[in-house]
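>>> how does the following fold in three dimensions:
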Amino acid sequence: MSRARRRSARILVVDDDPGLLRLLTIRLRSERYEVEPADSAASALAAVSRFRPDLVVTDLRMAGMDGIELLKELQRRWPSLNVILLTAHGTIPDAVRATQSGAAAFLTKPVAKELLLEEVRRALATSGFVSETEDWRDEFATRSPVMEERLARAHSVAGTDVTVLITGEPGTGKELLGRAIHRASKRRNMPLVTIDCGSLSPDTGEADLLAAIGRAQGGSLLAQDIDELPNALQASLAKQIAAAPRSQDVRVLATSVRRLDDLVTEGRFAGDLLDRLMGAQIEMPPLSKRREDIPLIVAQCLEETARSGTEPRKTFSPEAMERLVSARWPGNARQLRAVVRQAATTAAGPIIPPELVDDALGRFVQLPSFDEARDEFTRSYLVQLLQLTEGNVSQAARLARRNRTDFYKLLSRYELRPEDFKTS
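The predicted model follows:
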């Protein structure tokens, strides 16, 4: 990997007073921060996905959405993003509201430059910002707000030593994200040791597990498919994670296709190990929720294919690209890359026709896993219940023979809103 280039922290400044917005921008830029000004909460929210700030500094009293409302919306969309609130009307109730809402700091205008910079430095430190290069995320080609939020959260936790559980469907890039977190961390010059939990034997696997932890000293252990870890080894890993601060220096990153809380309920995963893994959790979105990224991933893959071979760089015809964008992709980005490579290597000319996409898709058709099929059935069943009852949760829960609390949890898990099914 290329030598890391340090970057400045990005700060989004929000104020509907043009003079104060300009002053804050100048002050922060004079300290070599990268600053994006916004004159309203609405324009700030629109800028976050594009600018990817490490910190937001916002006025409290603004027309339309005020600073507290902006803070709450930022917390909902980007939970790890720190926010500093400013107001020219510093009162005790304002300060209480700000701190109770989770603001990193509350300052009264006019704020002294040194006080502002001190709070900015403190907020950046607690957000996990590290001034390394953006190379840590180079493998992710994205313009998706959903994916950007996940990467922002990954960058935030990278600056800490907490365990990270990365979940998501097969092929969504869980292992890629684990390696990216290691590259963005202070451990990036130390070993990253990967172990496939599904390949460990219940009888002899403990020695392999301990050996991997030993090789990862000072660095990170990436436990792939932690949901496949044999029951006999789960207590051992939980013990090793618990002992890490005292007897070893290893940061644990883990991936899982299945929901570990469901496995705990079924008695197939140790609850104490799940507790140890939940320092932070990041769920990778399926490709179906970031289709705007498909052309970017395709271009990245074609570039990689051209660099690794002797043929010139190829491109997909508009019709072929339409096929790629509209395909189902049960195997997510991994399957997309396989299809792109197959079509690119078999194309006779520089333009890849749609027929080769169809052929490649046929080669990589995948049956859903048992868990995927079960999830698809469950979501379809819930949709039918809500359609039948016109969004009446009480009636739907009775038909499903589930209590309302459990039924609401199911709706939340499958991202279904009862109000979408009401007819009036």
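>>> how near is the residue lying closest to residue 176 once chain neighbours are set aside to residue 203?
In space, and not counting its chain neighbours, residue 176 is closest to residue 139: 5.3 Å by CB to CB, 6 or more residues apart in numbering. C-beta: built from backbone N, CA, C; applies to glycine. Noted for residue 139: a distance of 36 Å to residue 203, by CB to CB, to the nearest Å.
>>> low pLDDT regions in the stretch 151-300 of the chain?
Residue ranges of the stretch 151-300 of the chain with pLDDT under 70: 244-247.
>>> and if you look at the stretch 301-424 of the chain?
Residues of the stretch 301-424 of the chain that meet the criterion pLDDT under 70 lie in 310-311, 364-369, 424.
>>> circling back: residue 167 versus the residue nearest to residue 176, what's the distance?
To residue 167, residue 139 is 19 Å away according to CB to CB.
>>> for the residue lying farthest from the centre of the chain, which three-state class applies?
Going by CA atoms, centre = their mean, the residue of the chain most distant from its centre is residue 348, 38.4 Å out. With DSSP: H, G, I helix; E, B strand; the rest coil as the basis, residue 348 sits in coil.
>>> same deal with residue 11?
Here residue 11 is strand, with the state taken from three-state DSSP.
>>> what about residue 139 and residue 203, which has more around it?
Neighbour count, other CB atoms under 10 Å: between residue 139 and residue 203, residue 139 has more, with 13 against 10.
>>> so what does the helix or strand containing residue 124 touch, helix or strand wise?
Residue 124 is part of helix 113-127 when elements are defined by DSSP states H and E. On a contact count with 3 or more CB pairs under 8 Å, 6 or more residues apart in numbering; DSSP states H and E, helix 113-127 meets helix 18-30, strand 55-59, strand 82-87, strand 105-108.
>>> next one: the shortest one to chain centre, how far?
Computed by CA atoms, centre = their mean, to the nearest Å, the chain-centroid distance of strand 105-108 equals 29 Å.
>>> other SSEs contacting it?
Partner elements for strand 105-108 (3+ CB pairs under 8 Å, 6+ apart): strand 82-87, helix 92-100, helix 113-127.
>>> can you give me the domain assignment for the chain?
10-127, 134-285, 288-363, 370-421 (automatic domain parsing).
>>> the helices in the stretch 101-250 of the chain, which residues?
For the stretch 101-250 of the chain, the helices defined by DSSP state H, counting those that start in this stretch occupy 113-127, 145-158, 174-184, 205-215, 231-247.
>>> list the buried ones in stretch 295-309?
297-298, 300-302, 305 (16 or more other CB atoms under 10 Å).
>>> and residue 270, how many neighbours?
Using other CB under 10 Å, the number of residues around residue 270 comes to 20.
>>> with adjacent residues omitted, what lies nearest to it?
Distance criterion CB to CB, 6+ apart; nearest residue to residue 270, sequence neighbours excluded, is residue 234 at 4.1 Å.
>>> dump the residue contacts of the one you found.
Taking CB atoms under 8 Å, 6 or more residues apart in numbering as the criterion, residue 234 is in contact with 269-270, 273.
>>> please apply the same query to residue 256.
Contacts of residue 256 by CB under 8 Å, 6+ apart are 165-167, 174, 225-227.
>>> how does it look with 10 Å?
165-168, 174, 197, 223-229, 263, 269, 274, 277, 281, 283 (CB atoms under 10 Å, 6 or more residues apart in numbering).
>>> same deal with residue 296?
Counting by CB under 10 Å, 6+ apart, residue 296 makes contact with 140-144, 290.
>>> buried subset of the residues you listed?
By neighbour count, with 16+ other CB under 10 Å, the contacts of residue 296 hold 140-142, 144, 290 as buried.
>>> which of those sits closest to residue 17?
Using CB to CB, residue 144 is the member of these that sits closest to residue 17, with 33.3 Å.
>>> show me the contacts for the nearest residue to the closest one once chain neighbours are set aside.
Nearest residue to residue 144, sequence neighbours excluded (CB to CB, 6+ apart): residue 290, at 3.8 Å. Residue 290 is in contact with 142-148, 150, 172, 284, 296-297, 332-333, counting by CB under 10 Å, 6+ apart.
>>> got the phi and psi for residue 290?
phi -140, psi 50 (degrees, to the nearest 10).
>>> just checking, residue 260 touches residue 276?
No. Using CB atoms under 10 Å, residue 260 is not in contact with residue 276; the gap is 11.1 Å.
>>> which residues do these two both contact?
Joint contacts of residue 260 and residue 276 (CB under 10 Å, 6+ apart) are 165, 254, 270.
>>> wait, residue 421 touches residue 395, no?
No. With contacts counted by CB under 10 Å, residue 421 stays clear of residue 395, the gap being 11.3 Å.
>>> who has more neighbours out of those two?
Between residue 421 and residue 395, counting by other CB under 10 Å, residue 421 is the more crowded of the two (18 against 14).
>>> and the gap between that one and residue 173?
Separation of residue 421 from residue 173 (CB to CB): 33 Å.
>>> end-to-end on stretch 410-418?
Taking CA to CA, to the nearest Å, the first and last residues of stretch 410-418 lie 12 Å apart.
>>> and for the nearest residue to residue 177 once chain neighbours are set aside, the neighbour number?
Spatial nearest neighbour of residue 177, chain neighbours left out: residue 166 (5.4 Å); criterion: CB to CB, 6+ apart. Look at residue 166: counted by other CB under 10 Å, it has 27 neighbours.
>>> with residue 214 instead?
By the measure other CB under 10 Å, the count of residues near residue 214 is 12.
>>> for it, what are its contacts?
Taking CB under 10 Å, 6+ apart, we find residue 214 in contact with 193, 221, 248, 250.
>>> picking up where we left off before, just curious, which of the buried residues of stretch 295-309 is nearest to residue 409?
Top of the list for closeness to residue 409, among the buried residues of stretch 295-309 and by CB to CB, is residue 297 at 33.0 Å.
>>> the closest one against residue 172, yeah?
No. The pair residue 297 and residue 172 does not pass the contact test of CB under 10 Å, sitting 11.8 Å apart.
>>> tell me, what's touching those two both at once?
Common neighbours of residue 297 and residue 172, using CB under 10 Å, 6+ apart, are 287, 290, 333.
>>> so what's the residue positioned nearest the centre of the chain up against?
Centroid-nearest residue in the chain, with CA atoms, centre = their mean: residue 150, separated by 1.8 Å. Counting by CB under 10 Å, 6+ apart, residue 150 touches 78, 140, 142, 144, 166, 168, 172-173, 177, 282-285, 290.
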